[in-house]
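# all I have is the shape, not the residue letters:
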């Protein structure tokens, strides 16, 4: 059996701000196989970007990785010194970012910035660097690469800038490419081109890709496997098709229902998720999704759910799971997705005590 | 996150946000200012200095031009706390009177600059078009010339007097405030509550002084605070070079300049006015920084 | 501009010869010799038509001495002082600003920031006077005359030693300003996405700071270079007078005090030219440092 190229165990990253400790990432564990494409989805602020930054030790003060293990090629990245980690960054693990304009240095030529990535490491022979820069730009389909390599970032269009970023990321033939919202700042047509490019490059170079996005459509287009993050935790993971077909966590379910789909049945109404993500300084007790979950039960307020197998290769952290919500709460025909709407469970103090006395099982039957 | 306001008429909405915005702005600002210890100490120092200057109007230990042969160049002593100068005049008395000159030059210039800045800036920002073009060009020309040298020439041409020094200083440092007011006006006139006021038929004057000016007040006050130390500095420069307010009026710059002549014998004549001047400028700069952090949060890092 | 100055200077009450107790017929003769009895506008035309050819006429106080060579020599002296102050300003200001930003909220940052505010508030003539006091008087006395710091320049141009104290006095204010701006813009730049990109590429930390952060942080600094140079020119007037440096600034005050109009106008014209050239140079520097700007 092949070894995972990256194995993250129990990663926690907190930000120590004046207002309190922001627990941005809490106990995240996942693995990435060589050449695999993994998506991490979630709303903004759910910790997906911080997770990515933690992998490369790019979390800035006041943030800090407080716990965990990041095994890459047999060594724990968290135990490396800054200088040792620097040799991994851009060489073995490369990263591209959301906004290609602000991510490229405005005063340096594109070619210089690509070459710089190679010159920072000695993986690529010195004499190959300059023509490899042009080859890379050609590979990411920048037209007239030999000339455009001398341009400054502001002379590139949005899509071309992101291509240049990808070229930069691939320059040292990394084992893993982390793409943080690579298409969010781009036009829809350009988005599709960039995704196609990433897919081709994945096949050609065999580099594993971690794609971070809030857009489920993009995950569907590129990834084999997906991790769903909510409030700093992974709440569900599994093969993309399987998750799309039968999501088990109510959050994943809501996310999927909030995306307009051409092929959806007409009775599937577009539903939004009510409420806001929780305050990461003062988290709810129990399941972090309970303030927004239509299917919550009493147990969700007392015990945080553990992530466990819900189907073959699919795991979710939920006491209810959607299978049960469909069977017992009529999730298929739900129109009201306000918190507790399907299960009738509301936090103490908000509803009369009589309501609370009703056993969840009885409520579920209506 | 978007907070949806209850439906109200535009006018009503505009005026109530305006009031709320301002009230909280001032309250927050004062709170932030109180936390800034350096700015507070500076304010206390400046208030004390102002008191000294007012006292000097009625009373100084000795008359500022009383000459005493006996104590020429005498160092600090019981009779003359800060010593005496080359004519035996009491240094403390002269410094007290100098504080009065410095503060009046600073405050008067700031007031004039505020007046010019508001009128010019509002005009340029509100009417835009060629009016703004002309005013902006003039502002840029003034930025391109060495202000102090022009002030120096102006005083030479107009004649050395207190009034002319103030005029010369105001004429060469007015641009900062004008440019700021212009910028504020340009951005504020696009705000919803100004649009609303305009839509409801308010006159230009009412919009300018009722809506735009009050909202630009924070940054304007901050900018004017910084005019005071530069005016004081300019005055001291001119006096030091011997082209400012003519003797025997005691100004800090002139006293320091006299001190340089007597450097070897009695350095106190140079030191005391220098210290007074530096502390005052420092205090105004600290206070200005504090005010900016407190009332102009956008500038904050 | 030159017209206003010219007109202003020539409308001054009294003239050069007032101080010299020249009366009656000999005064009229002198006035005529220097063309001062003609209408002001004619005088101005005469001045400007010669000035564009680089001829500023003759000094009236030093009867008939041509001004242009004097002013040019003084310009070079002032340029030496101003250049030294500018180098100091940029070198010291940028270095301290970067250090303060990299050590944000440590005692290094606090002391540098405080130092900058003091340097920003204490007028240059106070610093210069203190320099004279310390180096010229106290150190001389304390060492019993063994330490001798030349406070007035022996020759036309200052030696490195002679230059140091005046240049520091002149450059301290502007250095503080540059340090403040550099610190603020470094703090801003260091959190930019492209700095993160550079780190993610595995570029060495030193290279990230210099090539990626500082290079961009200097853009706002460049934008204040114009006002900075004006401030140095202004300050040099005072500094030259304190240290007796034979530059434009000393001549400027001298000519004003002695009503030598032609010299005053010539010096001021030189200053105006200097500012113009400096602004042009700054614009050029701007296009070099920021490729997004095109003229």
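Okay, I see it. Bear in mind that the values here come from a model prediction, so they are computed numbers and not experimental data.

# what about the helices in the stretch 51-200 of chain B?
B:91-127, B:129-143, B:147-158, B:162-173, B:175-188, B:192-199 (DSSP state H, counting those that start in this stretch).

# so does the longest one get close to chain C?
No: if you take C-beta under 8 Å from any C-beta of the partner chain as the test, helix B:91-127 misses chain C, and the best it gets is 11.7 Å. C-beta here means a position set from N, CA and C on the backbone, and glycine is covered the same way.

# pull out the buried residues from that helix.
Residues of helix B:91-127 classed as buried: B:91-110, B:112-114, B:116-118, B:120-126 (neighbour count, 16 or more other C-beta atoms under 10 Å in any protein chain shown).

# near chain B, which residues of the stretch 201-350 of chain A?
So far as C-beta under 8 Å from any C-beta goes, the stretch 201-350 of chain A lies against chain B at residue A:276.

# from chain B, how far out is residue A:137?
Distance of residue A:137 to chain B, computed by C-beta to the nearest C-beta, to the nearest Å: 37 Å.

# now residue A:16
Counting by C-beta to the nearest C-beta - residue A:16 and chain B are separated by 19 Å.

# so that residue lies in a strand, does it not?
Yes: counting by DSSP: H, G, I helix; E, B strand; the rest coil, residue A:16 is located in a strand.

# what does chain C put close to chain A?
Checking chain C against chain A by C-beta under 8 Å from any C-beta, the hits are C:191-194, C:196-205, C:207, C:211-212, C:215-216, C:219, C:289-292.

# for the stretch 151-295 of chain C, which residues are neighbours of chain B?
Residues of the stretch 151-295 of chain C lying close to chain B by C-beta under 8 Å from any C-beta are C:184, C:187-188, C:226-227, C:230, C:233-234, C:237-238, C:241-242, C:252-253, C:256-257, C:264, C:268, C:271-272, C:275-276, C:279.

# check whether stretch A:104-118 comes near chain C.
Yes: Stretch A:104-118 reaches chain C (C-beta under 8 Å from any C-beta) through A:104, A:105, A:106, A:107, A:108, A:116, A:117.

# next step: these restricted to strands.
Of the residues of stretch A:104-118 next to chain C, none are assigned to strands by DSSP state E.

# filter those residues down to the buried ones.
With neighbours counted by 16+ other C-beta under 10 Å, the residues of stretch A:104-118 next to chain C contain buried members at A:104, A:105, A:106, A:107, A:108, A:116, A:117.

# so what does residue A:68 look like in phi/psi?
With angles defined as degrees, to the nearest 10, residue A:68 sits at phi 120, psi -170.

# which residue lies nearest the spatial centre of the chain?
You didn't say which chain, so I picked chain A. The geometric centre of chain A, computed from its C-alpha atoms, lies nearest to residue A:40 (C-alpha atoms, centre = their mean), at 2.3 Å.

# chain C is the one I meant
Closest-to-mean residue, chain C, C-alpha atoms, centre = their mean: residue C:233 / 2.3 Å.

# quick one, what contacts that one?
By C-beta atoms under 8 Å, 6 or more residues apart in numbering or on different chains, residue C:233 lies in contact with B:146, B:149, C:78, C:82, C:271, C:274, C:275.

# could you dump those into JSON lines and include neighbour count, pLDDT and distance to residue A:12?
Below are the contacts of residue C:233 laid out as JSON lines (neighbours: other C-beta atoms under 10 Å in any protein chain shown; pLDDT from 0 to 100; distance: C-beta to C-beta, whole Å):
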{"residue": "B:146", "neighbour count": "24", "pLDDT": "80", "distance to residue A:12": "59"}
{"residue": "B:149", "neighbour count": "22", "pLDDT": "83", "distance to residue A:12": "63"}
{"residue": "C:78", "neighbour count": "28", "pLDDT": "86", "distance to residue A:12": "63"}
{"residue": "C:82", "neighbour count": "27", "pLDDT": "89", "distance to residue A:12": "57"}
{"residue": "C:271", "neighbour count": "24", "pLDDT": "83", "distance to residue A:12": "63"}
{"residue": "C:274", "neighbour count": "19", "pLDDT": "83", "distance to residue A:12": "61"}
{"residue": "C:275", "neighbour count": "18", "pLDDT": "82", "distance to residue A:12": "59"}
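
# quick revisit: ChimeraX command to pick out the buried ones of the residues of the stretch 151-295 of chain C next to chain B?
To isolate the buried members of those in ChimeraX, using 16+ other C-beta under 10 Å:
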select /C:184,187,226,227,230,233,234,237,238,241,242,252,253,256,264,268,271,272,275,279
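
# could you chop the chain up by domain?
Going with chain A. A:6-223, A:256-358 (automatic domain parsing).

# hmm, I had chain C in mind actually
If you go by automatic domain parsing, chain C breaks into C:2-51, C:68-289.

# what bits of the stretch 151-295 of chain C have low per-residue confidence?
C:151-161, C:294-295 (pLDDT under 70).

# one more: the stretch 251-366 of chain A?
Scanning the stretch 251-366 of chain A for pLDDT under 70 picks out the ranges A:259-272, A:347-366.

# re earlier: and of the helices of the stretch 51-200 of chain B, who's closest to chain A?
Proximity to chain A (C-beta to the nearest C-beta) singles out helix B:175-188 among the helices of the stretch 51-200 of chain B, at 23.3 Å.
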